[in-house]
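> Pasting the sequence and the predicted model now:
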Amino acid sequence: MYDEECYLIPKVLLQDEFYSALSVDAIFVYTILKEKQKEAVLRHWIDEEGNIYLSYSIEELMKLFGYSRSKMVVLMRSLEEHNLIERDRVPVFYGHSLPYRTYTVSYTHLTLPTSDLV
């Protein structure tokens, strides 16, 4: 019931030391991007290997989140550095640079080290 009405934040992002440097804004962006994967399927944003990706330009992300360009770039880099997203630049198409393909890491890959589960 709540899955459709609420965004779900993986607890590991708040509990694991590896993610302690992530800002609340970065966690928020990641959570929304994970949710956007549902739309990605409907938009046929599926690569040659069957992986779902997001195809938003920085400008579209700025509009979606209400952040400046510099803040959006910092947040996306932070998510990359913490292995929460992977981005691939799409080749130039008729002289126009296309948006990055952004892949989000599955929740099942976000696990606490076993030493923290005691």
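Right, received. Where do you want to start?
> going forward, measure contacts between C-alpha atoms and count neighbours the same way
OK.
> could you measure Tyr30 against Met76, distance?
Distance of Tyr30 to Met76, computed by Cα to Cα, to the nearest Å: 9 Å.
> typo on my end, it should be Pro99
Distance from Pro99 to Met76, counting by Cα to Cα: 13 Å.
> just the helices in the chain please.
Listed in chain order, the helices of the chain (DSSP state H) span 12-15, 24-42, 58-65, 69-81.
> out of the ones you listed, which comes closest to Glu4?
Glu4 lies closest to helix 24-42 among these, at 9.7 Å (Cα to Cα).
> what about this structure, any weak spots by pLDDT?
Low-confidence segments of the chain (pLDDT under 70): 1-3, 91-98, 106-118.
> Might one say that Leu79 is in contact with Ala26?
Yes: look at Leu79 against Ala26 with Cα atoms under 8 Å: they come within range, at 6.7 Å.
> one step back: output the helices of the chain in CSV; the columns should cover distance to Gly50 and mean neighbour count.
What follows is the helices of the chain, written out as CSV (distance: least, Cα to Cα, whole Å; neighbours: other Cα atoms under 10 Å):
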stretch, distance to Gly50, mean neighbour count
helix 12-15, 26, 16
helix 24-42, 10, 16
helix 58-65, 24, 14
helix 69-81, 21, 16
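> So for Tyr103, which of those helices sits nearest?
When the helices of the chain are compared (using Cα to Cα), the closest one is helix 24-42, at 9.0 Å.
> got a list of contacts for that closest one?
Here helix 24-42 makes contact (Cα atoms under 8 Å, 6 or more residues apart in numbering) with 7-9, 13, 46, 52-54, 65, 75-76, 78-79, 84, 104.
> I appreciate the help and will end here.
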